[in-house]
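Student: sharing a model that was predicted from the sequence below.
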Amino acid sequence: MSFVSWQFVLFFALVLLGLRIARSRTSRQLLLLVASCIFYASGTPVHLLVLAVPAVVDFICALRIAESDNREVRRRWLVLSVASNLGLLAYFKYADFFVGTIASLSGASVATLGIALPIGISFFTFKTLSYTIDVYRGEIPPCRSWRQYALFVSFFPELVAGPIVRASVFLPQLARELEPSWQRAAVGAQVILLGLTKKLLIADRLALFADPVFATPQGYSAGTIAWAVVAYSLQIYCDFSGYSDMAIGVARIIGFDLPENFNMPYLARSVTEFWRRWHITLSQWLRDYLYIPLGGNRRGRARTYVNLMLTMLLGGLWHGARWNFVLWGLIHGVALAVHKLVGERRSVTVKAAESRTTSVPMTILSWAATYLTVCLAWIFFRAPTLSNATYMLRKLAGFELGGAVWHFLPLFELLPLVILAHVAGVMIARNAARPSDALVVRPSAISGPYAVLPRAGFVSAFVLTVWIGVLFLFAPLHTSPFIYFQF
């Protein structure tokens, strides 16, 4: 069930009605748990059994970890939790990949298993992994209510494509009454509208250009391929951040505040800064549960670079069982290591290097280099095969000539609007004070799009009404699935 469907509108309306009628916090939590199961089962009902595994296994493991003072016993329960979550990922997401790789290396003809991937498995397994690890580290107490823990695992707004919400953020909010209010609904509706605009007016329109070019790059000129890469960079940003906005808005109306997941990443002046702005909850997860446990930067310079590249390689593999994703992660890992090396040679920390005053030409050069690196990596991320990706690179480098020229007018109409939106976001964020009723859970300063919201009053109501009208008039008749549904 997609957010961009009338089925979801009806489903969400019934959920809000039920929350309004329910008389106790316990009954509202139970209602949300049932609704989350219905939401997930609307795709493939049998995959509810997959969702039930971490909801049961990790709940028990966390309790056993907290009850024991024996380090070895605690470690065994943690290993069981980690093994069950990674086992689910390995079977559903990577079994066919490993079988195909072994077959290609050995030259044998082996049929793949044809395993159907449960939607959102990468997200909810990372959520539950962080929970048991945090309990093991003593950072949070275990949840002793299975109803509440199951709701944390299955909460439908962010279940299938994030943000990756940690138990330390979600579980304390269950103490709220979770009774919908007009104030929360007004704020949440505006954020949902922001996400719908990104998805329908920008991402889905750019998909009409990017998808055919990436599918058959042999038929297009180098210039068309270059613009298709730019279009895809905007498509995936507006598609994924649009989903995150809608998830944040839906959860806000229900009564939960989810963490921010994007902060205008294409304004980054280094790949390090890009990952502080792009898919923030995944970046923080990889840092806290993979990079730091590997040793971070505590075991020497060479090991730091290895840890960065290994973290991003695994981050790429998390996205999917294809060598394209591994190369995408490798490009980002190398870029992170190079940026850290340059910072060290200048005898300054990366953070200080990014925050110090630089000349305008150097700022533009840093931004351009970062954006070009990110776009280079997007070619491997989006291309359906490695051969398509390498052909696109050869054509961009001038080794392959010819092809049709396609001037996709909507791209040149939308690009200035996206640039203006970023400029406005930066200006508003610099001048806006943090609102007392924070829109999302933020790790740092207020970000651009959210600095504008919430807004109230007649002028705001008029603008929103016009906004909705424009959305209905210019949105495509047929929407494409959210890109991150496949992960």
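Tutor: Arrived safely. Since we're looking at a predicted model, the values are computed, not measured.
Student: how close does residue 135 get to residue 164?
Tutor: With distances taken as Cβ to Cβ, to the nearest Å, residue 135 is found 17 Å from residue 164. In this view, the C-beta of every residue, glycine as well, is placed from N, C-alpha and C.
Student: kindly report the same for residue 86.
Tutor: The spacing between residue 86 and residue 164, counted by Cβ to Cβ, is 16 Å.
Student: higher neighbour count, the two?
Tutor: Between residue 86 and residue 164, counted using other Cβ atoms under 10 Å, residue 164 has the larger neighbour count: 24 against 13.
Student: can you pull out the strands in the stretch 301-450 of the chain?
Tutor: Using DSSP state E, counting those that start in this stretch, the stretch 301-450 of the chain contains no strands.
Student: quick one: low-confidence parts of it?
Tutor: For the stretch 301-450 of the chain, applying pLDDT under 70 flags the ranges 344-358, 428-450.
Student: now do the stretch 151-300 of the chain
Tutor: Screening the stretch 151-300 of the chain residue by residue with the criterion pLDDT under 70, one finds no matching range.
Student: run through who's touching stretch 321-331.
Tutor: 93-94, 96-98, 309, 312-317, 319, 373, 376-378, 380-381, 383, 385-386, 389 (Cβ atoms under 8 Å, 6 or more residues apart in numbering).
Student: sorry, slip of the keys, the one I care about is stretch 12-30.
Tutor: Counting by Cβ under 8 Å, 6+ apart, the neighbours of stretch 12-30 from elsewhere in the structure are 31-32, 35, 147-148, 151, 174, 176-180, 250, 253-254.
Student: equivalent analysis for stretch 361-375, please.
Tutor: Everything outside stretch 361-375 that qualifies as a contact, by Cβ under 8 Å, 6+ apart, is 229-230, 233, 266-271, 273-274, 331, 335, 358.
Student: could I get these as CSV with secondary structure and neighbour count?
Tutor: As requested, those are arranged in CSV below (DSSP: H, G, I helix; E, B strand; the rest coil; neighbours: other Cβ atoms under 10 Å):
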residue, secondary structure, neighbour count
229, helix, 20
230, helix, 18
233, helix, 22
266, helix, 18
267, helix, 17
268, coil, 21
269, coil, 20
270, coil, 23
271, helix, 24
273, helix, 20
274, helix, 23
331, helix, 21
335, helix, 24
358, coil, 14
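Student: residue 483: which of those is nearest?
Tutor: Within the contacts of stretch 361-375, proximity to residue 483 (Cβ to Cβ) peaks at residue 233, which comes in at 12.2 Å.
Student: and the gap between that closest one and residue 22?
Tutor: Using Cβ to Cβ, which is the criterion applied here, residue 233 is 44 Å from residue 22.
Student: residue 181 now?
Tutor: 14 Å.
Student: just residue 184 next, same as before
Tutor: Relative to residue 22, residue 184 is positioned 16 Å away (criterion: Cβ to Cβ).
Student: the stretch 51-200 of the chain: helices as residue ranges?
Tutor: 71-89, 95-106, 121-137, 146-154, 167-170, 182-196 (DSSP state H, counting those that start in this stretch).
Student: want to throw the ones you listed into a markdown table with distance to residue 52?
Tutor: As requested, those are exported to a markdown table (distance: least, Cβ to Cβ, whole Å):
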| stretch | distance to residue 52 |
| --- | --- |
| helix 71-89 | 11 |
| helix 95-106 | 20 |
| helix 121-137 | 11 |
| helix 146-154 | 8 |
| helix 167-170 | 18 |
| helix 182-196 | 29 |
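Student: which one of these is the most hemmed in?
Tutor: Between these, helix 121-137 has the highest mean count of neighbours, a mean of 23, where neighbours are mean count of other Cβ atoms under 10 Å.
Student: angle of that one against helix 146-154?
Tutor: With axes from the mean of the first three to the mean of the last three Cα atoms, to 10 degrees as the criterion, the two stretches helix 121-137 and helix 146-154 enclose an angle of 130 degrees.
Student: coming back round to it: which among the helices of the stretch 51-200 of the chain is found nearest to residue 48?
Tutor: Between residue 48 and the helices of the stretch 51-200 of the chain, the tightest spacing by Cβ to Cβ is seen for helix 146-154, at 8.9 Å.
Student: chain center to the closest one: distance?
Tutor: For helix 146-154, the gap between its own C-alpha mean and the chain's C-alpha mean amounts to 21 Å (Cα atoms, centre = their mean, to the nearest Å).
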